[in-house]
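A.B. asks: all I have is the shape, not the residue letters:
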């Protein structure tokens, strides 16, 4: 370690000790004091590295890690970050958003209309590309504080996953805003930025404008001043930090191999073997005939054509289809991209100590497959007792009443008047039971787990009736109008994925709290030790009708 950095960390430790912010257990105090007395300062005013022993060095790592995090949070607040983000978004998309609202239109229709005039396209493209570049630079400068704020927040968090950004007629917060304190949404422009090299101008403008209009619909919720933010926009690490990308790639390739073996009934030993096999096919019919498990080639849950037609449809519609050389390459990219998305959703929610919320049923399928494949890396002696990646459907997914349609103005008023906690107290059990599932619960039979959850939701529905009798109104709407029917599924598993966010566990294994880059080098050791701590993967699929 650089002497200046070592000296800085030592000064932080001394300051914490003087302020009483760092205490040593009585049985360790003598040894710790002895180590401190050995430390010497050179004539240049910096510490002599050789006088700092292992006991002090490991302590310095931990103390500095948390001190630096606190320092980052004090320099800039999450609210300031969100305000700066939406200021930039408003400058680019604010006028279009107002036009869309005045026309009673929607992002998809408005964006398609916008690109219908060539003159508008020509005037827009350069500004849009500048915006994408500035957005990348914005997050490079501020991503770490944003992540630290949201990682350290002790509130309940819903982490949106499965799509570039939540689309559709209703905001995802309509469903999550009562049950979770904060809904964390990904910045869509980081995800779309690389596609400027692939898409034509019209498609790029349409997709960026559509995303911008959807983001603008969350501006009010993100910027309202409350102790617990309703919405926060967070950048992907996948596109900003190479070690994280390598980490996700590792698991995406491993899951792709597992899925390839299941789908084609083969025993490929590595990715190259699978590529050699899949790249030999020249058309959709030949690949379809080689498939042993047709469910493994799921492209979209809404597609109902035969398998060859679905493969052709995917090739024609997929991102960068003009760059794909053959149908086999398209299938490989399909597998890899889906498992990359699923692993990122899992890992992101773990780091944030949140719950991945998925609205797209196709993404839900691949998330469940990811959990299933990773469960195989768990301690094999437990496998006979393990029920993993189980979508708890049955009656739970189509006969549940729950608060699923809370408009933004009502959600803000509920928070401002302090009614949220009272509503949660009345509701009692429900989604919180899903979030708090322990891995040991899955050592029971899956039927028992389902029955327990169904009972919890039956109680939840009884409490909803109590809530309706209150006749409360928020933003002029009766609380009973916020109810939806049918559609909560949960997937959970004990998996082999290491947890970047498990700082205490990592510290216990290595002797100090590691940095993000340190953890990349310790994946194998984390994986081998993970049976000693809770490691459940929870995902919730939300779907409802009025």
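C.D. replies: Perfect, thanks for sending it. Keep in mind the model is a prediction, meaning the values are calculated, not measured.
A.B. asks: roughly how far apart are residue 277 and residue 269?
C.D. replies: 11 Å (Cβ to Cβ, to the nearest Å). Just so you know, the C-beta spots here come from the backbone N, C-alpha and C atoms, and that holds for glycine as well.
A.B. asks: okay, these two: which has more neighbours?
C.D. replies: Of the pair residue 277 and residue 269, residue 277 is the one with more neighbours under other Cβ atoms under 10 Å, namely 16 against 10.
A.B. asks: per-residue pLDDT of the more buried one, please?
C.D. replies: pLDDT for residue 277: 95.
A.B. asks: doesn't it fall inside a helix?
C.D. replies: Yes. Assignment of residue 277 by DSSP: H, G, I helix; E, B strand; the rest coil places it within a helix.
A.B. asks: tell me which residues touch it, please.
C.D. replies: Residues counted as contacts of residue 277 (Cβ atoms under 8 Å, 6 or more residues apart in numbering) are 260, 264, 266, 268.
A.B. asks: so the first one makes contact with residue 270?
C.D. replies: So the one you mean is residue 260. No. The criterion here is Cβ atoms under 8 Å, and residue 260 misses it with residue 270 at 10.5 Å.
A.B. asks: of the two, who's got more company?
C.D. replies: residue 260 (23 against 10).
A.B. asks: would you map the strands across this protein?
C.D. replies: For the chain, the strands defined by DSSP state E occupy 157-161, 182-186, 231-234, 355-358, 401-403, 473-474, 477-478, 483-485, 488-494, 536-542.
A.B. asks: the ones you listed: lowest mean pLDDT?
C.D. replies: Going by mean pLDDT, the lowest-scoring of the strands of the chain is strand 488-494, which has a mean of 50.
A.B. asks: who touches residue 275 in this structure?
C.D. replies: residue 332.
A.B. asks: for the stretch 201-350 of the chain, which segments count as helices?
C.D. replies: 201-216, 219-223, 242-264, 271-278, 284-290, 307-317, 327-351 (DSSP state H, counting those that start in this stretch).
A.B. asks: of all these, which one is nearest residue 475?
C.D. replies: With Cβ to Cβ as the criterion, residue 475 lies closest to helix 219-223 of the helices of the stretch 201-350 of the chain, at 11.8 Å.
A.B. asks: now do the closest one: everything it contacts.
C.D. replies: So helix 219-223 is in contact with 79, 82-83, 86, 89-90, 171, 173, 177, 229-233, 408-409, 411-412, going by Cβ under 8 Å, 6+ apart.
A.B. asks: again, 7 Å this time
C.D. replies: The contact list for helix 219-223 (Cβ atoms under 7 Å, 6 or more residues apart in numbering) reads 82-83, 86, 173, 230-233, 408, 411-412.
A.B. asks: how about it: buried residues?
C.D. replies: Residues of helix 219-223 classed as buried: 219, 221-223 (neighbour count, 16 or more other Cβ atoms under 10 Å).
A.B. asks: neighbours of residue 51, how many?
C.D. replies: Neighbourhood size, residue 51 [other Cβ under 10 Å]: 14.
A.B. asks: can I get the helices of the stretch 201-350 of the chain in JSON lines including distance to residue 361?
C.D. replies: Shown next, in JSON lines, are the helices of the stretch 201-350 of the chain (distance: least, Cβ to Cβ, whole Å):
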{"stretch": "helix 201-216", "distance to residue 361": "19"}
{"stretch": "helix 219-223", "distance to residue 361": "25"}
{"stretch": "helix 242-264", "distance to residue 361": "18"}
{"stretch": "helix 271-278", "distance to residue 361": "26"}
{"stretch": "helix 284-290", "distance to residue 361": "22"}
{"stretch": "helix 307-317", "distance to residue 361": "16"}
{"stretch": "helix 327-351", "distance to residue 361": "13"}
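A.B. asks: for residue 40, which of those helices is the nearest?
C.D. replies: For residue 40, the closest of the helices of the stretch 201-350 of the chain is helix 242-264, at 35.4 Å, according to Cβ to Cβ.
A.B. asks: surely residue 185 touches residue 158?
C.D. replies: No. Using Cβ atoms under 7 Å, residue 185 is not in contact with residue 158; the gap is 9.4 Å.
A.B. asks: the two: who's more crowded?
C.D. replies: Remark: of residue 185 and residue 158, residue 158 carries more neighbours, 28 against 23, as counted by other Cβ under 10 Å.
A.B. asks: dump the residue contacts of that one.
C.D. replies: By Cβ under 7 Å, 6+ apart, residue 158 lies in contact with 176, 180, 183-184, 354-355, 357.
A.B. asks: between which two of the contacts of residue 277 is the distance greatest?
C.D. replies: 264 and 268 (8.1 Å).
A.B. asks: overlap of the contact sets of those two?
C.D. replies: Joint contacts of residue 264 and residue 268 (Cβ under 7 Å, 6+ apart) do not exist.
A.B. asks: which one (most neighbours) among the contacts of residue 158?
C.D. replies: residue 176 (30 neighbours).
A.B. asks: grab the nearest non-local neighbour of that residue.
C.D. replies: Excluding its sequence neighbours, the residue lying closest to residue 176 (Cβ to Cβ, 6 or more residues apart in numbering) is residue 158, at 4.3 Å.
A.B. asks: how about the contacts of residue 158 in CSV, adding distance to residue 127?
C.D. replies: What follows is the contacts of residue 158, written out as CSV (distance: Cβ to Cβ, whole Å):
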residue, distance to residue 127
176, 33
180, 36
183, 30
184, 29
354, 35
355, 37
357, 33
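A.B. asks: which of these sits closest to residue 477?
C.D. replies: In terms of Cβ to Cβ, no member of the contacts of residue 158 lies closer to residue 477 than residue 176, at 18.0 Å.
A.B. asks: tell me the contacts of the closest one?
C.D. replies: By Cβ under 7 Å, 6+ apart, the neighbours of residue 176 are 158, 183, 357.
A.B. asks: okay, the buried residues of helix 219-223 in JSON lines with distance to residue 370 and pLDDT next?
C.D. replies: Shown next, in JSON lines, are these (distance: Cβ to Cβ, whole Å; pLDDT from 0 to 100):
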{"residue": "219", "distance to residue 370": "32", "pLDDT": "96"}
{"residue": "221", "distance to residue 370": "30", "pLDDT": "95"}
{"residue": "222", "distance to residue 370": "29", "pLDDT": "96"}
{"residue": "223", "distance to residue 370": "34", "pLDDT": "96"}
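A.B. asks: could those residues be laid out in JSON lines, adding distance to residue 197?
C.D. replies: Output for these, formatted as JSON lines (distance: Cβ to Cβ, whole Å):
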{"residue": "219", "distance to residue 197": "29"}
{"residue": "221", "distance to residue 197": "33"}
{"residue": "222", "distance to residue 197": "30"}
{"residue": "223", "distance to residue 197": "33"}
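A.B. asks: which of those sits closest to residue 128?
C.D. replies: Residue 128 lies nearest to residue 219 out of the buried residues of helix 219-223, by Cβ to Cβ, at 19.3 Å.
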